[in-house]
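Asks: got a sequence here, can you build the structure:
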Amino acid sequence: MPAPVEFVPAEGPVTEPVTKVGGQPVWRGEEAQWPLSKESGEPMEFIGQFAVRDGALAYLFMAGSGEDTFEPDGGENALIVQPGGRVPDFVAGVRELAAGPTAGADHLPVLGEPDPDEECWQFLGGPGVEPRWLQGEEVPGEGWELVAQLDSTALPFEVDFGDTGIGYAFLSPDGKEGRFLWQCA
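Replies: Purely as a prediction, here's the structure:
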């Protein structure tokens, strides 16, 4: 059973390449890659960044709202991997923005103790960590690894994952690309 994670306010802006939600991205690549909404063409909102293998970060973005934000390849959300990642072909494009729209202030993760008697809906992933699906299983493909599972009711700011929704971030088997999707009750 994974350890539950809570995100608590940082004492100030986070400028290190660590797992966090909110604030502005701390880019690991040679240039910023802020994804654009397929529908509006505008920069998506930064939700958070998550440490993944080999010192890379996976940056989660989502358009403010809309029907396609739940789809892993609908062009209204993106999980960008840096350094050495590739921008998924369903993303409308990227801008070299160091800063842009964000969901809220910087919050850092605090891990709790797993409790076999409690249902855990928000936790960090990694090798061997399985998602807890709200509806049916939707792993993007064989060998994809869970990066994070986020509970819209437990995040420190409002996100639109539908009605009490759960978000799922995944890393491709080669560690170069990400996918994000959400399910709701």
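
Asks: what is the one helix or strand residue 81 maps to packed up against?
Replies: Using DSSP states H and E, residue 81 sits in strand 77-82. Packing partners of strand 77-82 (3 or more C-beta pairs under 8 Å, 6 or more residues apart in numbering; DSSP states H and E): strand 57-62, strand 166-171, strand 178-183. In short, each C-beta sits where N, CA and C put it, glycine included.

Asks: repeat that with 6 Å
Replies: Here strand 77-82 touches strand 57-62, strand 178-183, going by 3 or more C-beta pairs under 6 Å, 6 or more residues apart in numbering; DSSP states H and E.

Asks: tell me which helix or strand comes right after that strand.
Replies: Downstream of strand 77-82, the first helix or strand assigned by DSSP H and E is strand 94-95.

Asks: after that next one, next one along is what?
Replies: Note on strand 94-95: by DSSP H and E, the next helix or strand toward the C-terminus is strand 107-111.

Asks: can you tell me the average pLDDT over that next one?
Replies: For strand 107-111, the mean pLDDT works out to 96.

Asks: chain center to it: distance?
Replies: Between the centre of strand 107-111 and the centre of its chain there are 14 Å (C-alpha atoms, centre = their mean, to the nearest Å).

Asks: with stretch 139-147 instead?
Replies: Stretch 139-147 has its C-alpha centroid displaced from the chain centroid by 14 Å (C-alpha atoms, centre = their mean).

Asks: what residue ranges in this protein score low on pLDDT?
Replies: 65-67 (pLDDT under 70).

Asks: got CSV for the helices and strands packed on strand 77-82, with mean neighbour count and distance to residue 80 too?
Replies: Compiled in CSV, the helices and strands packed on strand 77-82 are given as follows (neighbours: other C-beta atoms under 10 Å; distance: least, C-beta to C-beta, whole Å):
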stretch, mean neighbour count, distance to residue 80
strand 57-62, 26, 5
strand 178-183, 23, 7
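
Asks: can you check which of those gets nearest to residue 23?
Replies: Among those, the nearest to residue 23 by C-beta to C-beta is strand 57-62 (11.7 Å).

Asks: so which elements touch the closest one?
Replies: Counting by 3+ C-beta pairs under 6 Å, 6+ apart, strand 57-62 packs on strand 45-51, strand 77-82.

Asks: that one pairs with which strands?
Replies: Paired strands of strand 57-62, with direction, are strand 45-51 (antiparallel), strand 77-82 (antiparallel) (DSSP bridges).

Asks: next, the angle from the last one to strand 178-183.
Replies: Put plainly, it is strand 77-82. 150 degrees (axes from the mean of the first three to the mean of the last three C-alpha atoms, to 10 degrees).

Asks: swap in the longest one?
Replies: Direction vectors for strand 45-51 and strand 178-183, defined by the same axes, to 10 degrees, enclose an angle of 120 degrees.

Asks: residue nearest the centroid of the protein?
Replies: Among the residues of the chain, the one closest to the centroid is residue 60, at 3.6 Å (C-alpha atoms, centre = their mean).

Asks: I am finished for the moment; much appreciated.
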